[in-house]
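Q: The amino acid sequence is not available; the structure is as follows:
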Ligand SMILES: C[S@@+](CC[C@H](N)C(=O)[O-])C[C@H]1O[C@@H](n2cnc3c(N)ncnc32)[C@H](O)[C@@H]1O
């Protein structure tokens, strides 16, 4: 007979096991090559997509982050160009943690300062420590709301009228949210329908991993490949326009992750 543990849905596992404070401490206590890879690629995307269109109508983009968790750093570059950012997550405890940070002052910025400083330096050669605080203030100003989200639902924002978005960002989310590879194309389809025609979906995550850990609990994820991502995107009328990888060994060995590489993928919705 299956044990109670085995009968839990992935959603229940998240609700019971995912502790935002622990997650931040374990995975974000120091910036490393993996975070830099994500932040640098995000910076480049926004420079190219918004920077080159400076002074033209429509630069201000509507941006959604899906599965933000308790982490504000993946919208730092977006906040340079948009003051219409919506963050979202499945878990109330993650949304509360993010909202708490958004409404706090500089005394709560400690963990995120090195990430903000890294982006500030990409934005300006003269960036100093003060610039990092300013960048985080900019995020606070640009995030309009933090709302519930479930990428397994055909209406992932659960009735919110915020869509469509010009840009959707999702980091280590879809491959963690689905319970089997079969569900992955559906999750992609659910997210892509929140995107405007010609909009961009930016995804970052890990390839070929099977779990990550919260304390000693292994949280399962699907073994994702580039082929699975590109086939799911093609199935919903999206084309990959940028793809980069970073080998796992460039991240700290003590991180409890088993993927072979990180990926950064930008897909464009063609219609
Ligand atoms: C590994 S964490 C990633 C968090 C953050 N994006 C990051 O990169 O650090 C996975 C996130 O996916 C969220 N998640 C799990 N199931 C989900 C679902 N069905 N819909 C949306 N988000 C989900 C979790 O709440 C969690 O915040």
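A: In hand now; what should we look at? Owing to the predicted nature of the structure, the values given are computational and were not obtained by experimental measurement.

Q: measure stretch 246-265 end to end?
A: Stretch 246-265 has an end-to-end distance of 12 Å (C-alpha to C-alpha, to the nearest Å).

Q: got a list of contacts for it?
A: 26-27, 30, 32-34, 37-38, 41, 202-213, 226, 229, 240, 242-245 (C-beta atoms under 8 Å, 6 or more residues apart in numbering). Using the backbone N, CA and C atoms, a C-beta is placed for each residue, glycine as well.

Q: Give me the most central residue, the protein.
A: Compute the mean C-alpha point of the chain, and by C-alpha atoms, centre = their mean the closest residue is residue 171, 2.9 Å away.

Q: Double-check it against residue 67; I have them as touching.
A: Yes. With contacts counted by C-beta atoms under 8 Å, residue 171 reaches residue 67, the gap being 7.1 Å.

Q: before we move on, back to that, helices - which of the contacts of stretch 246-265 land there?
A: In helices, defined here by DSSP state H, the members of those are 26, 27, 33, 34, 37, 38, 41, 226, 229.

Q: Leaving out chain neighbours, which residue sits closest to the third one?
A: In other words, residue 33. Using C-beta to C-beta, 6 or more residues apart in numbering and skipping the chain neighbours, the partner closest in space to residue 33 is residue 250 (4.4 Å).

Q: Repeat that for the second one.
A: Among residues not flanking residue 27 along the chain, residue 255 sits closest, at 6.9 Å (C-beta to C-beta, 6+ apart).

Q: next one: the last one
A: The spatially closest residue to residue 229, leaving aside those adjacent along the chain, is residue 265, at 6.2 Å (C-beta to C-beta, 6+ apart).

Q: So the one you found: helix, strand or coil?
A: Put simply, residue 265 is strand when judged by DSSP: H, G, I helix; E, B strand; the rest coil.

Q: count of neighbours near it?
A: Using other C-beta atoms under 10 Å, residue 265 has 21 neighbouring residues.

Q: again, but for residue 39
A: With other C-beta under 10 Å as criterion, residue 39 counts 21.

Q: Kindly report the same for residue 169.
A: Neighbour tally, residue 169, other C-beta under 10 Å: 26.

Q: Mind checking if the helix or strand hosting it is in reach of the ligand?
A: Using DSSP states H and E, residue 169 falls within strand 165-171. Yes. Judged by C-beta under 6 Å from any ligand atom, strand 165-171 and the ligand are in contact via residue 171.

Q: Just give me the neighbour total for the closest residue to the ligand within the chain.
A: Closest residue of the chain to the ligand, C-beta to the nearest ligand atom: residue 69 (2.8 Å). By the criterion of other C-beta under 10 Å, residue 69 has 26 neighbours.

Q: same deal with residue 92?
A: Neighbour tally, residue 92, other C-beta under 10 Å: 10.

Q: And residue 82, by the same measure?
A: 22.

Q: for the one 3 residues further on, same thing?
A: When counting by other C-beta under 10 Å, one arrives at 25 neighbours for residue 85.

Q: Show the backbone phi and psi for it.
A: phi -110, psi 130 (degrees, to the nearest 10).

Q: wait, it sits on residue 76?
A: No. With contact defined as C-beta under 8 Å, residue 85 and residue 76 do not form a contacting pair (10.2 Å).

Q: one step back: might you report the residue contacts of the residue of the chain closest to the ligand?
A: With C-beta under 8 Å, 6+ apart, residue 69 has these contacts: 20, 23, 89, 91, 94, 98.

Q: Now do the helices in the stretch 1-150 of the chain.
A: Taking DSSP state H, counting those that start in this stretch, the helices of the stretch 1-150 of the chain run over residues 4-7, 10-17, 20-28, 33-49, 78-81, 92-102, 113-123, 129-142.

Q: and the ones you listed as CSV, adding mean pLDDT and distance to the ligand?
A: Below are the helices of the stretch 1-150 of the chain laid out as CSV (pLDDT from 0 to 100; distance: least, C-beta to the nearest ligand atom, whole Å):
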stretch, mean pLDDT, distance to the ligand
helix 4-7, 66, 18
helix 10-17, 95, 5
helix 20-28, 97, 6
helix 33-49, 97, 8
helix 78-81, 96, 14
helix 92-102, 98, 5
helix 113-123, 97, 11
helix 129-142, 96, 15
